[in-house]
Every structure is written in C-alpha cells, then in structure tokens.
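> return atomic coordinates for the entry below.
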Amino acid sequence: MKSKANFSPNPFANAHTKEEKENVWNLLKSKAVRLSREEAEKLLKEAIRLQKAEK
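Here you go, the predicted structure:
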C-alpha cells in the first residue's frame, strides 16, 4: 500500500504561508549549526536557491 505523503527534496514545497516558510528556514539554519562549516554553507546556499525559486 502506497503512502499518501509525498516527500519532496525541496523543504519549502509544503510551506505555503510566510510563517510556514519562516519556520522551514529557521529549521534549516538550526540544523546547519550542528554540521561542519562546509556542509552548513552548502545547505544554506541550497535553501537560499530554493527560496528564490519560490518567488
């Protein structure tokens, strides 16, 4: 039986309101703190790219 949940590599895909997008952004930033500097920069650049794509 297939799951009804669709998982997207884009964390902003299911964030429709400004508040939801802000929550996703804060979650990504909090995760980035626990990663190495290189991984954090890569994750933040990807998040910024995805935010720009949403506009």
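> contacts and neighbour counts: CA atoms only from here.
Will do.
> hey, where'd the helices end up in this protein?
18-33, 37-54 (DSSP state H).
> poorly predicted segments of the protein, please.
Applying pLDDT under 70 to the chain picks out residues 1-8, 32-35, 55.
> redo that, cut-off 50
Applying pLDDT under 50 to the chain picks out residues 1, 3.
> do you know which of the helices of the chain lies nearest Pro9?
Closest approach to Pro9 among the helices of the chain is made by helix 37-54 (10.2 Å; Cα to Cα).
> count the residues that sit near Glu19.
Neighbourhood size, Glu19 [other Cα atoms under 10 Å]: 10.
> ok, it to Ala53 distance?
Remark: distance between Glu19 and Ala53 (Cα to Cα, to the nearest Å) = 18 Å.
> over to Trp25?
14 Å.
> of these two, who's got more company?
Of the pair Trp25 and Ala53, Trp25 is the one with more neighbours under other Cα under 10 Å, namely 18 against 9.
> so what's the residue count around the residue nearest to that one when sequence neighbours are not counted?
Nearest non-adjacent residue to Trp25, counting by Cα to Cα, 6 or more residues apart in numbering: Ala47, 7.4 Å away. Residues contacting Ala47 under the criterion other Cα under 10 Å number 19.
> repeat for Ala15
14.
> centroid-nearest residue for the chain?
When Cα atoms, centre = their mean is applied to the chain, the residue found nearest the centroid is Pro11 (3.6 Å).
> contacts only, for that residue.
Val24 (Cα atoms under 8 Å, 6 or more residues apart in numbering).
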